[in-house]
Structure formats: C-alpha cells, structure tokens
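J.: show me the folded form of this:
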Amino acid sequence: MKLSTCPSCLKSRLSRLFCCIFAALTLLGWPLGVLAEEVNAASVSSPSLIIETPSEAETTIAPGRNFYVLGSIENGSSLPDNAALTVSLTDTEGTTVRKVTTSIKSNTSLYLPSNLNYYSPVTKEDIKNSGMPELISKDPVNGSDFNNASIKCYYNDDAFYAMIAGGNDIDQMNWRDENGLPYPELFEGDYTITATLEAPDSTMLAQAQKTITIGVSENKILARFSPDEHLDFIKAWAGDKGYRVYSDPFPGYWSQSIFCEILPEWRAADAAEYAAGKVHCVLYNLKKSSSSYSVELGALQAQGVIDNPDRMAFYYYNIGEPSLTVDGSTVKAELEALPAGQKVAFTRAEVITGDTDENTYDTADTVTKTDLNTRDGITCGAAGETLAIYGVTAPIQLASEDIIDNGDNSYTLNNKITRLHYAITGDGIDLDVDKPVDTLTRASGPSELEFKHDIPIDESMSGKTLGVHVTAYDSHNNAVYSAALAVPDASQTAEPEAPQPVTPVSPVNPKTSADNATSPVLPFTLLTAFLTGTAAFARKRAC
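T.: Next comes the predicted model:
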C-alpha cells in the first residue's frame, strides 16, 4: 500500500529539525566563545615583572653601598593608577631587611636637591618625569622627607625603579627608614630581591624575584670605557679571565631616559666596589678627571695598596694601542702585565719623518718604521728623522699629603712619575736625555700615565740599534724606578734595579674619612655640551 505525504507535515518536521540543530550549535559555541574571551582578556590584563638590574653578571654587591633595582613591566597598560609596587630584600632566614613601596603610577613628585647635576638640554621637568627613584618625595618643594629611603620607588606602564639603601652614610645622602632611623649596614651573605605589584584590593598582579649576594667581587677591572675599541677589548679580555666589569648603573648615576647625577652618591658606590679584592688596572687613556683616576684609583691610593701585589695588578697594551696599522696591515694588541715593582714600560718605537709633537699620538704622522719589540734595542732611522718612544708609567704609592680628599668621594692626586731620564748607549753613542711625563694626547682624550718622547736622530745615531736605560722621577724629584728597558742582542729585559725608596704613606681610609662627612653644596649645573651614553659606560666616557 502506498503512503501519502502531507506537505504541511513535512514542513513542520523540517522546521523542528532546524531549531534543534541551531540550539545544539548555540550550546556548543557559547562556552567556546566565553573561553576565547577569557583567554584573550587574561593575555591582555596579566602584567609581568622582569628584574633587569642587578644584571645576571653583577649580582654581587659590595657591603654597605646602595644599589638600584630596575626592571621592565610587560602587559602593564591596564595597571590601575593606584596599584602598589613593593620592592623588598630578605635574608636567608626570610627576614625582610629592606622594603620600599609606592602606590602612585608615573609619580612626578620629585625633589631636586642642590647636589643634583644635570646638563643641557635636560630640564627640571625632564628630571621630574624621569622616575629617578632617590628623588621621590611627598614634599617636592622643600624635600622635608627626602632622606626617607622607604619611598624611593617608581613605576609606570612599562618599567619600575627602586633604590635600596646600603646602610652607611659615605654617600652623604643620610638615608633613613620609615621611622627616621639609620639603616644597619647589610651583612655579607645571600639575599632575595622581590618585586611585587598589587591591585588596590591587595590582589597580586605580578611578582619577580632575584637572588643577590652582599660581598666582595674578588677580581675586578679598573679601566676607562672609551674609546669603543678599547671598551670592546676590555670586555672580551675580562670575560675570558672571569674579571668583573662594572656595567650596571650606580645609584646617583641616572641614565634611563635622561641623564643626571648626584656625584657623592654614585662615587661612594663606585669606590666601595674597589675597597677589597684584587684590582686589575689597565694603563690606557686614564684621564686625570675620569672616575677611573679620581675616584677608583684615588680611593686605592688613600687605602695605601698601590704597591701591594695582592690587591693591585697593572696591565698595558704591548703595542700601545688596542690595534695599529703597520705597513698597511692591522696588528692587534695583547694586554701585558707589569711585573710587581716595575713602574715604566716601553710599548713601541717609531721613526717619523717631518713634524711631530711630543706626547701626542697623531695618526697623521708619517711613520717610516715601527718597532713593536723594543726589548732587544731600538733601531734609529736616518739623520733628520725623529725617534718616538711610546710607553706607560704605573702609579706610585703616594704620601698622604699628596692625596687630597675633595669632600665629594673623589680625590686629587698630586704626585706621579713626571720625568724620565734616558741613558741611550751603544755603537759609540752615549746620550743623556730628560723628558717630561705630562699627559699623552690622542684623539680619544688625554692620558695621564702614558707618554710619547721624541728624540731627534743625528748623523752619529743614524741606522744604529741602541740600548736605553731609564730612571723615573716623581714630582718631588725623587728617583722611584730605574731599569734597562732596551738591551741590544737581548730577547728579554734585564732585571730591573731596585727602585729608590719612597716616603712612607699615611693613607686616608675613604670609608672612615671625616672629610666625607659633609657634602659640599653643588649648584644645578647647566652645561652647553650635550651628554649621551648609557648606564655605567656613559659614566666613564663622560668623566
């Protein structure tokens, strides 16, 4: 029997089937949509903190000094304006020994003290927008709470900054805790930095931690950070040796977005790192006013350790520069250590045709011959040419009266090797020449401990290989070193003669000096020169 189909019944059944399918799809898609929205919302609204300073290579901090905790914030655009940032330091027993906090995003309430230096084109407004943590104050006009270190903390959508007080007042900042009490100095040991962001209702938004050590870096570099070729060489050499290069910014040296500085503050932190451990000093481009010379070397002079081989080692480029072009080819230098007690070394000799200036390294000089190994004697050029002898002098330990504490954690050093007496002999030649050791001038700046001494070549010297004996005198005309540095037919330098005795030193300990108790008033400085550079590298370039 054939069944008949009702058109209206079929339409009704199809309609019900469609409704069922639509409902099923809706039920299936709704949770997926909600999940997608939640995942998307979570990816946008979950900030994260990354502690970048102290960097991984610089997690050992000298006892007693302040240090920065600097970092970045990812996905921070949704942070509420009154979120709370707390940076704390805890010891191995879990005791919080330092804590700084703020609940103001992009805080511009900064007090600019009289010892803050900044340089054109930086303005006061630039500084107030920079987030330099130690300038944070609830009283930006008078700075009545300026020394309250518990509020030295800042954040915006992209970054966070904090300063942790070390516990001594050598930096002349007189940091105090939230109760107005001095901080105890941090003991040597391991600590944990914890940075935490919380919503106004105390919900944790993000947290990051890093372990540091308060202690001594056993081996560290003392060197200028300019020019670039020198810096690159030093970083690679130090990396191979396992020596510390200080690249993280010291508190008081602000270069995150703009540059400004509090000299006594960052100098105290700098000098603290050189108060113990062995210092590997590279005798190249050491400008008298640089931090390498006036702060680090000055503090070491005050400690009286310059001639202590357990504390100091001195190095020089064996050809006088990181690299030289000789006969159209590039020659790369090596760093050579000065033996303990040796105060003078030759790096090379050149024969120059035409005019040349003493104590000036000029790449435009017309060099006809270069001797990169002067130990076996120095060969002269033709009559009428100039024999230029390049070299370095090492610091001598100064008497206390020659170490002037400037009151801002820097020193003026009023003595060094200032004259070399040359006794040039061989093949019928017996010549005595005195030459000043002032400063060597090169394109990258003046160098306090290097020299270029020009000796005219006459007919009697022409083409001869000669020996050179030097006697070094300080600014008081005391002979402080004497040795034959160039000996014909000898592959090695002769044993140096015993140096003349130097007046015993009465060192001034920079950690206890009463001269550092009071900070001089340093007015705001507006220089016309535009400063550039980053972090601690810029510090040594600019100084």
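
J.: can you give me the pLDDT of Ala24?
T.: The score at Ala24 is 49. That number is its pLDDT.

J.: then Ser77?
T.: At Ser77, pLDDT is 83.

J.: what residues are up against the nearest residue to it once chain neighbours are set aside?
T.: Ranked by C-beta to C-beta, 6 or more residues apart in numbering and with sequence neighbours excluded, the top spatial neighbour of Ser77 is Asp157, at 5.3 Å. For every residue, glycine as well, the C-beta is placed using N, CA and C. Applying C-beta atoms under 8 Å, 6 or more residues apart in numbering to Asp157 gives the contacts Ile73, Gly76, Ser77, Leu79, Lys105, Ser106.

J.: just the buried ones from the residues you listed?
T.: Listed as buried from those are Ile73, Gly76, Leu79, Lys105; burial here means 16 or more other C-beta atoms under 10 Å.

J.: the second one: what's it in contact with?
T.: Right, the one you point to is Gly76. Contacts for Gly76 (C-beta under 8 Å, 6+ apart) come out as Pro47, Asn156, Asp157, Asp158.

J.: if you set the cut-off to 6 Å instead, what comes out?
T.: Contact criterion C-beta atoms under 6 Å, 6 or more residues apart in numbering gives Pro47, Asp157 as the residues in contact with Gly76.

J.: where does it land in three-state SS?
T.: Here Gly76 is coil, with the state taken from DSSP: H, G, I helix; E, B strand; the rest coil.

J.: what about it, distance to Lys210?
T.: Noted for Gly76: a distance of 19 Å to Lys210, by C-beta to C-beta, to the nearest Å.

J.: go on, the last one?
T.: Going from Lys105 to Lys210 by C-beta to C-beta gives 23 Å.

J.: how does this structure divide into domains?
T.: Using automatic domain parsing, the domain parsing of the chain gives 48-214, 219-245+277-499.

J.: out of the ones you listed, which is closest to Trp254?
T.: Of all the domains of the chain, it is domain 48-214 that lies closest to Trp254, at 4.5 Å by C-beta to C-beta.

J.: part of a helix, is Asp126?
T.: Yes - Asp126 sits within a helix when classified using three-state DSSP.

J.: show me the contacts for it.
T.: Asp126 touches Ile258, counting by C-beta under 6 Å, 6+ apart.

J.: so which of the buried ones among the contacts of Asp157 comes closest to Glu401?
T.: Ile73 (52.5 Å).

J.: which SS class is the closest one?
T.: Per three-state DSSP, the local secondary structure of Ile73 is strand.

J.: re the thing from before, let me have the domains of the chain in JSON lines, extended by distance to Ile258.
T.: Supplementary listing: the domains of the chain in JSON lines, determined by distance: least, C-beta to C-beta, whole Å:
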{"stretch": "domain 48-214", "distance to Ile258": "5"}
{"stretch": "domain 219-245+277-499", "distance to Ile258": "20"}
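
J.: nearest to Glu261, out of those domains?
T.: domain 48-214 (5.3 Å).

J.: Gly426 versus the nearest residue to Thr425 once chain neighbours are set aside, what's the distance?
T.: Nearest-residue entry for Thr425: Gly467, 5.2 Å, with adjacent residues in sequence omitted and distances by C-beta to C-beta, 6+ apart. Counting by C-beta to C-beta, the gap between Gly467 and Gly426 amounts to 5 Å.

J.: what residues are shared contacts of the two?
T.: When contacts are counted by C-beta under 6 Å, 6+ apart, Gly467 and Gly426 are jointly contacted by Pro488.

J.: for Phe250, state which of the contacts of Asp157 is nearest.
T.: Using C-beta to C-beta as the measure, the one of the contacts of Asp157 that approaches Phe250 most closely is Ile73, at 23.1 Å.

J.: run through the bridge partners of the closest one.
T.: Legend: beta-bridge partners of Ile73 under DSSP bridges are Leu49.

J.: what about it, distance to Phe160?
T.: With the distance defined as C-beta to C-beta, Ile73 ends up 6 Å from Phe160.

J.: cool, and Thr412?
T.: Applying C-beta to C-beta, one obtains 39 Å for the distance of Thr412 from Phe160.

J.: of the two, who's got more company?
T.: Residue environment comparison for Thr412 versus Phe160 gives the larger neighbour count to Phe160, 27 against 13, counting by other C-beta atoms under 10 Å.

J.: before we move on, which element is the more buried one in?
T.: Taking DSSP states H and E as the definition, Phe160 sits inside strand 159-164.

J.: what is the mean pLDDT for stretch 448-464?
T.: When pLDDT is averaged over stretch 448-464, the result is 98.

J.: how about that stretch: buried residues?
T.: For stretch 448-464, the neighbour count (16+ other C-beta under 10 Å) marks Glu448, Leu449, Glu450, Phe451, Lys452, His453, Asp454, Ile455, Ile457, Met461, Lys464 as buried.

J.: which one of those is nearest to Pro264?
T.: Lowest distance from Pro264 to these (C-beta to C-beta) belongs to Glu448, with 22.8 Å.

J.: what is the burial count for Thr325?
T.: By the criterion of other C-beta under 10 Å, Thr325 has 12 neighbours.

J.: first vs last residue of stretch 216-234, how far apart are they?
T.: Here the two ends of stretch 216-234 are set 21 Å apart, with distance taken as C-alpha to C-alpha, to the nearest Å.

J.: quick one: buried residues of it?
T.: Taking 16+ other C-beta under 10 Å as the neighbour-count basis, stretch 216-234 is seen to contain the buried residues 216-217, 220-227, 230-231, 233-234.

J.: circling back to that earlier point, which SSE is immediately downstream of the strand holding Phe160?
T.: Sequence-wise, the next helix or strand downstream of strand 159-164 (DSSP H and E) is strand 189-198.

J.: which neighbours does that next one have in its sheet, and in what orientation?
T.: The partner list of strand 189-198 in its sheet, established with DSSP bridges, is strand 84-91 (antiparallel), strand 204-214 (antiparallel).

J.: okay, the closest residue to Lys288 other than its chain neighbours and Asn359: tell me how far apart.
T.: Taking C-beta to C-beta, 6+ apart, and ignoring the residues beside it in sequence, Lys288 has Glu448 as its nearest neighbour in space, at 4.8 Å. Here the distance between Glu448 and Asn359 works out to 11 Å (C-beta to C-beta).

J.: among the buried residues of stretch 216-234, which pair sits farthest apart?
T.: Across those, the two lying at the largest distance from each other (C-beta to C-beta) are Val216 and Pro227, at 30.3 Å.

J.: you'd agree the residue nearest to Ser77 is in a strand?
T.: No - looking at Asp157 with three-state DSSP, it is coil, so not inside a strand.

J.: begin at 30, not 1, for the rest of this chat.
T.: Sounds good: first residue 30 from here, last item Asp186.

J.: now do it against Lys134, distance only.
T.: Distance, Asp186 to Lys134, by C-beta to C-beta: 8 Å.

J.: ok, Ala228 next?
T.: Ala228 sits 12 Å away from Lys134, going by C-beta to C-beta.

J.: list phi and psi for the nearest residue to Asn203 once chain neighbours are set aside.
T.: Computed as C-beta to C-beta, 6+ apart, the closest residue to Asn203 that is not its neighbour in sequence is Asn176, at 4.9 Å. Summarising the backbone geometry of Asn176 under the convention degrees, to the nearest 10, its torsions are phi -90, psi 10.
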